Structure formats: C-alpha cells, structure tokens
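Engineer: Any chance you could fold what I've pasted below:
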Amino acid sequence: MTDEPEIEIEIEPIEITYDEDLYPARPKRLRPRSNMRASSIRRSFSDPRSADASNPSYVEWLIRQSMLRDAEVLGRGLSGQPSMWRNPYARPDARRAIQTASVWFTAYPISLITASGQSYLAALGDEELWKAFQKIGITAVHTGPVKQAGGITGWTSTASVDGHFDRISTQIDPAFGSDDEFRQLSDVADQYGGSVIDDIVPGHTGKGADFRLAEMGYKDYPGIYHMVEIPEEDWHELPDVPEHRDSVNLDPATEARLADLGYIIGQLQRVIFYSPGHKETNWSVTAPVLGADGRTRRWVYLHYFKQGQPSINWLDPTFAGMRLVIGDALHSLGDLGSSALRLDANGFLGVEKSAEGSPAWSEGHPLSEAANHVIASMVRKVGGFSFQELNLTMEDIRDTGRVGADLSYDFINRPAYQHALAMGDTEFLRLTLRTSLSTGVEPVSLVHALQNHDELTYELVHWATLHRNDVYPFRDEDITGAQLAETIRADLVEKLTGDAADYNLVFTTNGIACTTASAIAAAQGLTTLDAITEEHIDNIRKAHLLLVMFNAWQPGVFALSAWDLLGMLPLPSEQVKDLIAEGDTRWVHRGAHDLMDSEPEANSSSSGMPRGRSLYGSLPHQLDDENSFASQVARILETRSTLGLDIGTQLDIPDVAHPGMLVMVHRLDGGDPTLEDARLQVTVLNFTGETIEGTVRSSALTPRRIVYNAQTGEEIGHVDDLQSFTVRLEPYAGLFLLGRDPDEEPIEPMDALVEN
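Structural biologist: Residues are numbered from 1 along each chain as shown. Down below sits the predicted model:
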C-alpha cells in the first residue's frame with residue numbers, strides 16, 4: 001500500500017470586473033481562473049498514460065475539472081465581503097420574486113433552432129427576441145440546464161443521460177455557448193427589464209470528475225455522495241459489472257441482502273423511473289476501482305434517478321456535497337449574472353433508515369427542509385431568488401416553502417386543469433384549488449406553468465401517498481385519496497393517449513408525454529397527427545388561450561415555453577425511436593422549434609433534435625396579427641399586470657352552476673390584508689367547447705355592485721342580495737371581471753378584448 005499522493009493546485013487571484021451599478025446589492029462577478037482553464041473537458045483526448053489513480057497527472061486533471069474544487073475558489077471570492085450582508089435571506093418572499101420576474105419563458109437548449117453559427121445562449125440574448133418578449137409581456141427567461149453534463153470515462157467526456165440534469169462542471173457546455181455569452185444574455189435581459197433564471201441540481205451530479213475522484217477514495221470526494229465501500233470479503237454479494245460498463249443496478253434481492261448486512265439503508269419509498277431490467281432499485285454498484293492510496297474498492301451508491309446521476313449526501317461529516325452545490329449556485333449568481341435559480345430534485349436530500357421491514361424515509365424528510373433553507377438563504381443573501389420543482393404532497397410543498405425556495409412549481413393544479421379540459425368538468429380542479437388554499441399553499445407562491453421539457457405529470461402524489469386513506473367527495477360519492485388518484489390517471493390516459501390520440505405517449509408511471517396543443521387536440525377528438533388540419537387550429541388556439549387565462553389570471557408566476565408560443569405538436573415516435581427505445585417517451589414532445597424564423601429551412605436544431613410541426617407560426621409572424629395566439633396572450637398578460645393580480649390574494653373557489661365552469665375570486669391587495677379599499681377581481685372560465693350560462697355566487701362579493709369586464713368595459717350585471725350574478729361564456733372563453741359602485745364613473749377598459 002502506498003501513501004496518498006498530495007496534489008496541490010495553485011489558486012490564481014480572482015479578477016473582479018463587474019459593474020456594480022447594475023445590481024448594487026449583488027456581489028461582484030467572480031472570474032476565477034478555474035472557470036477559464038484551458039484544460040477543460042474535451043470530447044476526445046488521446047493520452048498514452050493510464051487513466052486511473054496510478055497516474056498522478058490523471059488525478060490532477062480530474063481535480064481541475066471538479067465542481068468541488070471550483071466551489072472552494074468561488075467561496076473564497078465572496079467570503080468576508082460586505083455584499084454578503086446587504087439582503088434579507090431567512091424567509092422566502094414570493095411577492096418580491098414575482099415583482100422581479102412575473103412572466104417566464106422556459107427554454108430548452110437542445111430544441112431551439114438558431115441562426116447558422118449562432119449558439120443557443122447567443123440566440124436567447126438576441127435583442128430582437130427580447131423586443132418580442134417585451135411585446136408579449138415576458139419578463140424572465142429560464143435557460144434550462146446549460147452547464148456541462150454527462151460523465152467522464154478515462155480522458156473522454158460522455159453524453160448526458162438526462163437532458164443535462166446530470167451536471168459535472170460549473171462551465172457552460174460549448175454546445176450551448178460560452179460563459180461570456182451567458183453574461184451577455186444577462187445584460188441584454190436587464191436592458192429590457194428582464195431577468196435570467198438558471199438551474200442548480202442539489203440532488204445529484206453526473207459521473208464527472210467529482211464522482212471519479214470519489215470512486216478513487218480521494219480526500220473529501222466520497223463525502224459528496226451517498227456511497228458505501230463494500231469490503232472485498234463481501235464482493236461475492238455483488239453482481240459482476242460487464243467490461244463495457246462502470247456500474248450495474250442492484251436487483252431487489254441484492255438490495256435487501258446488503259441492507260441486512262448493514263451496508264445500505266435498502267429500499268426507498270419509491271423507485272423513480274422504475275423500469276424492469278434497467279432500474280429496479282435506487283442503488284447501483286461500481287466495478288473495482290483503483291484508489292489514490294493504491295487500494296482497489298467497490299462502492300454501492302444511491303441514485304434517485306438514473307445510474308449516471310449519483311445522489312448527493314447532505315449530511316456527510318465533510319459537508320463536501322453542500323460545498324459543491326453552494327459553489328455552483330454562487331457561480332451562476334455571482335459570475336454569470338443570473339437573478340434566480342431553479343432547484344431541481346430538491347425534495348430528495350435526506351434519507352434515513354426506517355423501522356424494520358419499512359422502506360427508508362426518503363420523501364418529506366426534515367433534512368430536505370434544512371438543506372433547502374441553506375440553499376435558498378444563500379441565494380437570497382447574494383440578491384437572488386429561487387423556485388423548486390417539488391412533486392410531493394401539498395404539506396411538503398408548504399413546509400419546504402416556509403424556509404426554502406421563494407416559489408414552487410404548480411404540480412398541484414397542472415394535472416387538474418388538463419383533466420378539466422379533457423373531461424369538460426372542473427370538479428377535480430376545484431378540489432385541488434380548495435385543498436391547496438386550506439393546506440396553506442397560496443397560489444401567489446406557485447409557478448403556474450403550461451408545458452415545459454417534462455411530461456404532463458399525473459403522479460398525484462398528494463392523493464396517492466399521505467392522503468391515500470382520506471375520503472373526498474367526487475362524482476356524487478365518497479372515495480379515498482388513492483381511488484381519486486387512480487380515477488384521474490385513468491381518465492387522462494383514456495382521453496389523451498392510445499386510441500384517443502396515438503401521438504401522446506404514456507411515460508413510465510409518471511405521466512403523459514405530450515405538448516399542450518396535442519393534449520388539447522386529443523381532448524377535441526383528433527386521434528392522429530394527420531387528422532390535425534388547418535381547420536382545427538382555431539379551436540385548439542381557443543382552448544390553449546383558456547389554459548393561459550387559468551394560469552395567468554390568478555396570483556403567482558405565469559410560465560410558458562416555445563412549444564406553447566408556437567403551438568408545437570409532438571414528433572412522430574419513429575423520428576426519435578433511438579431516444580425513446582428504453583422507455584423515455586418524453587422525447588416526442590421536445591421537438592425543435594424556430595422562435596424567430598432564424599433558420600426557416602432547418603430540419604433540426606444544432607443538437608440534432610428533429611423539427612416539430614408548429615400550428616401558430618413564428619413570433620414575428622404572430623406579432624403582426626392581432627388575432628394570433630401570441631398577440632392574444634399579450635392582452636391577457638397586460639390585464640393581469642396592469643391590475644396587479646400577480647401579487648394579489650386568492651379568496652374563494654366557489655361552487656359553480658355548470659360543471660364546465662370555474663370561478664376564482666381574488667383580492668387585488670398586493671398581499672396586504674389590511675388594505676381596506678382593495679378591489680375584488682373574479683376570473684370566470686369555460687372549460688368546454690360549448691356556450692354555457694350560469695350563476696356566479698361567492699360570499700366574498702358585495703351586493704348591489706356593478707360587475708364589468710375589465711378588458712372591454714362591458715357591464716355584465718349586478719351582484720344581487722344573494723351575492724351572485726349571471727354570466728354567459730362562449731366556448732373556451734374567459735372573463736376578467738371587476739366591480740364598482742353604481743355611482744362610480746366607469747373605468748377605462750383595457751386595450752382590447754381577448755378574441756375567443
């Protein structure tokens with residue numbers, strides 16, 4: 001056995017070149033040499049020396065790639081600076097975040113078609129695009145993950161296994177642009193009153209330099225991960241790893257044996273992305289790996305997601321995982337100039353052995369709340385804000401949000417509004433809205449989104465897990481939460497996939513791979529892509545605008561993607577057959593798109609994603625047509641922003657006179673409950689393709705007030721002494737209603753009517 005080699009890397013001084021006038025409360029940008037190093041990961045690297053721990057040069061090369069090493073440099077640059085004490089940080093502040101960025105465009109790097117020779121980040125930083133965003137009312141761009149991801153094998157990098165959510169570096173992936181192009185994007189966004197939102201992944205990394213050093217047992221690196229060294233005398237308990245692989249997934253029997261031997265905590269509460277023969281447990285085992293100290297080891301490591309995404313350990317004595325994640329966050333905020341961060345997979349940061357025979361505690365764990373508090377507080381401390389995509393129970397979202405991220409993704413109502421559209425019945429949607437309010441998850445704390453890069457999620461975790469035995473009234477009977485979840489899933493699968501629509505595909509046990517437009521097409525009875533013709537576009541657009549109104553005409557952030565703005569349909573499955581071969585059907589809804597007519601003849605993005613079919617056309621084309629989808633979205637958002645609904649308070653989700661109707665009552669008070677003269681606002685929506693009439697009744701309404709359409713100024717009626725009034729709605733139509741006293745002067749209407 002040899003002594004561990006001591007490899008010290010000289011840290012260059014940090015060059016400070018940031019204009020503090022732009023963000024006076026934010027720390028100066030950091031430009032550590034590590035982020036401009038010439039020895040970055042290369043797609044191919046030929047070196048005659050061995051690529052293992054026997055070669056000190058290889059170990060040194062890995063250290064230079066590592067995120068943990070960069071985190072140390074970045075942390076030193078901020079430590080002791082007065083900028084670290086200028087911002088409050090302990091408590092989330094949803095309304096402050098919304099006032100920074102109320103309407104988000106969610107981008108997806110590999111699907112954007114750019115001009116020839118133009119990078120993804122350069123395209124997002126194009127001033128013509130931001131002029132279009134400004135016309136629509138978009139105030140922030142969420143870039144999606146753009147830092148290097150995937151893994152390292154030997155001297156060579158390997159591709160991402162999960163859409164760049166397996167990060168291995170703080171550097172921007174050259175496939176998407178450069179660090180300087182990201183900084184330029186941040187500056188252009190600021191010029192147009194906008195912001196840039198980046199990502200961090202506190203739950204896992206890819207198999208990059210940090211994981212390879214961890215396998216070698218080098219210094220603090222094993223402390224980054226949930227990984228356990230298995231003594232050689234018990235290697236017979238482990239499966240063999242084929243020569244062309246670096247690890248294999250454990251089957252349930254091996255998982256149970258290793259748990260009985262006390263090595264791992266065993267089965268977790270669920271296996272995300274479960275796939276027979278591919279992923280049957282959350283644990284994998286490495287092949288034998290030579291260590292920096294000359295010992296050969298085999299490790300069993302945890303991964304909530306895919307094998308290439310080893311989970312970060314937030315309670316290791318070295319706190320190496322925490323240091324890595326915080327360093328990545330500081331790089332995005334302090335160096336690249338982003339204003340906010342999405343916390344990906346942040347609900348799975350704590351695991352603990354449970355009682356004998358029970359799965360390990362891995363969801364809703366207090367350590368997740370504590371870790372989220374640390375991350376979100378650090379983000380706020382340097383002047384940013386954060387949001388989380390936490391698909392757990394409403395209680396988990398509430399409790400994590402009390403101290404953690406400022407905003408949470410609306411997994412509560414997203415499947416519910418799709419269900420309302422598919423069934424022409426808002427009963428389940430009304431239940432989710434009311435339950436959210438009563439649980440303490442106010443809509444102002446949520447990011448209400450249309451499509452993003454993921455599937456239409458129908459896991460319905462709130463109902464299927466913690467509340468599986470609770471009883472709820474639904475369809476004139478009392479059923480359990482588990483039965484309710486199963487019923488909603490069955491409805492969505494029946495109405496949106498299979499014989500109903502062969503272009504929308506089930507994605508494992510998580511949801512349905514579809515675009516918003518294709519979910520609408522299925523709900524309207526169009527069974528194949530070829531069946532969707534020009535004559536159907538107007539009706540699809542009407543329903544699409546209805547969903548915009550639902551998400552935008554309530555407090556909180558409104559988010560939409562290019563797939564929404566352009567009305568994209570899924571790709572035929574044969575075009576992405578290699579990508580979906582192992583069951584990841586989400587690739588069908590990630591078709592390439594050209595927002596600005598940058599490359600009209602391109603058949604794919606520069607990343608190779610095939611071009612999808614757009615129903616609405618490019619943004620320049622749409623913004624020249626006042627009846628286009630984008631132009632009507634602009635009017636919907638103008639109404640919302642002008643009257644401050646985004647930071648208002650939801651009061652009531654009343655019963656409705658027609659099953660396809662939805663009513664939401666809000667107070668335009670900016671979050672101040674003491675404001676005595678705050679207006680009431682009422683959103684009324686028709687989730688059916690038929691004209692409907694009905695009575696709106698709510699205890700929040702004031703009798704004898706005139707009700708009028710804020711967009712047109714048209715008088716709708718009077719609130720009677722039973723606190724109700726009558727409305728008539730065209731198919732898929734919506735009303736943004738305000739009230740005034742009879743002796744008040746009529747208020748100037750908004751610029752135009754939303755044409756439905």
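
Engineer: quick one: stretch 732-742 to chain centroid distance?
Structural biologist: Here stretch 732-742 is found 32 Å from its chain centre; the criterion is Cα atoms, centre = their mean, to the nearest Å.

Engineer: hmm, who's touching that stretch?
Structural biologist: With contact meaning Cβ atoms under 8 Å, 6 or more residues apart in numbering, stretch 732-742 is reached by 539, 542-543, 545-546, 549-550, 553, 639-640, 643, 679-689, 701-702, 704-711, 716, 719, 727, 729, 746-747, 754, 756. Every C-beta, even on glycine, is put in place using the N, C-alpha and C of the backbone.

Engineer: ok, of those, which come out buried?
Structural biologist: Neighbour-count burial within these applies to 539, 542-543, 545-546, 549-550, 553, 639-640, 643, 679-689, 701, 705-711, 716, 719, 727, 729, 754, 756; the criterion is 16 or more other Cβ atoms under 10 Å.

Engineer: Now go through the contacts of stretch 732-742 and say which are in helices.
Structural biologist: Of these, the ones assigned to helices by DSSP state H are Asn539, Lys542, Ala543, Leu545, Leu546, Met549, Phe550, Thr639, Arg640.

Engineer: wait, which of these is closest to Leu571?
Structural biologist: Ala543 (21.4 Å; Cβ to Cβ).

Engineer: Could I get the contacting residues of that closest one?
Structural biologist: Applying Cβ under 8 Å, 6+ apart, the residues contacting Ala543 are Leu421, Ile520, Ala523, Gln524, Gly689, Tyr732.

Engineer: Can I get those residues in a markdown table including secondary structure and distance to Gly401?
Structural biologist: Below are the contacts of Ala543 laid out as a markdown table (DSSP: H, G, I helix; E, B strand; the rest coil; distance: Cβ to Cβ, whole Å):
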| residue | secondary structure | distance to Gly401 |
| --- | --- | --- |
| Leu421 | helix | 27 |
| Ile520 | helix | 31 |
| Ala523 | helix | 32 |
| Gln524 | coil | 36 |
| Gly689 | coil | 36 |
| Tyr732 | coil | 32 |
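
Engineer: These into JSON lines, with extra columns for distance to Ser436 and pLDDT?
Structural biologist: Output for these, formatted as JSON lines (distance: Cβ to Cβ, whole Å; pLDDT from 0 to 100):
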{"residue": "Leu421", "distance to Ser436": "19", "pLDDT": "98"}
{"residue": "Ile520", "distance to Ser436": "24", "pLDDT": "98"}
{"residue": "Ala523", "distance to Ser436": "23", "pLDDT": "98"}
{"residue": "Gln524", "distance to Ser436": "28", "pLDDT": "98"}
{"residue": "Gly689", "distance to Ser436": "27", "pLDDT": "97"}
{"residue": "Tyr732", "distance to Ser436": "24", "pLDDT": "98"}
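
Engineer: which of the residues you listed lies closest to Glu369?
Structural biologist: After measuring the contacts of Ala543 against Glu369 - Cβ to Cβ - the closest member comes out as Leu421, at 34.2 Å.

Engineer: now the closest one: how far from Gly144?
Structural biologist: 26 Å (Cβ to Cβ, to the nearest Å).

Engineer: Next: Ala422.
Structural biologist: Ala422 sits 28 Å away from Gly144, going by Cβ to Cβ.

Engineer: swap in Pro570?
Structural biologist: Counting by Cβ to Cβ - Pro570 and Gly144 are separated by 19 Å.

Engineer: Tell me which of these two has more neighbours.
Structural biologist: Each of Pro570 and Gly144 has its neighbours counted (other Cβ atoms under 10 Å); Pro570 has more, 28 against 25.

Engineer: measure stretch 220-228 end to end?
Structural biologist: Terminal residues of stretch 220-228 lie 14 Å apart, using Cα to Cα, to the nearest Å.

Engineer: Off-centre distance for that stretch?
Structural biologist: 27 Å.

Engineer: mind checking pLDDT for Ser438?
Structural biologist: Ser438 carries a pLDDT value of 97.

Engineer: Excluding chain neighbours, what is closest to the residue positioned nearest the centre of the chain?
Structural biologist: Nearest to the mean C-alpha position of the chain, counting by Cα atoms, centre = their mean, stands Glu389 at 5.1 Å. Counting by Cβ to Cβ, 6 or more residues apart in numbering, the nearest residue to Glu389 once its immediate chain neighbours are dropped is Tyr409, at 4.3 Å.

Engineer: Tell me the spacing between that neighbour and Leu68.
Structural biologist: Tyr409 is 28 Å from Leu68, by Cβ to Cβ.

Engineer: Tell me what the closest residue to Arg586 other than its chain neighbours is bridged to.
Structural biologist: With sequence-adjacent residues excluded and distances taken as Cβ to Cβ, 6+ apart, Arg586 is closest to Ala513, at 4.8 Å. Beta-bridge partners of Ala513, counted by DSSP bridges, are Leu505.

Engineer: mind listing which of the contacts of stretch 732-742 are in strands?
Structural biologist: Of those, the ones assigned to strands by DSSP state E are 679-686, 706-709, 716, 727, 729.

Engineer: and which of these is nearest to Pro659?
Structural biologist: Asn686 (10.8 Å).

Engineer: Give the helix, strand or coil label for Phe428.
Structural biologist: helix (DSSP: H, G, I helix; E, B strand; the rest coil).
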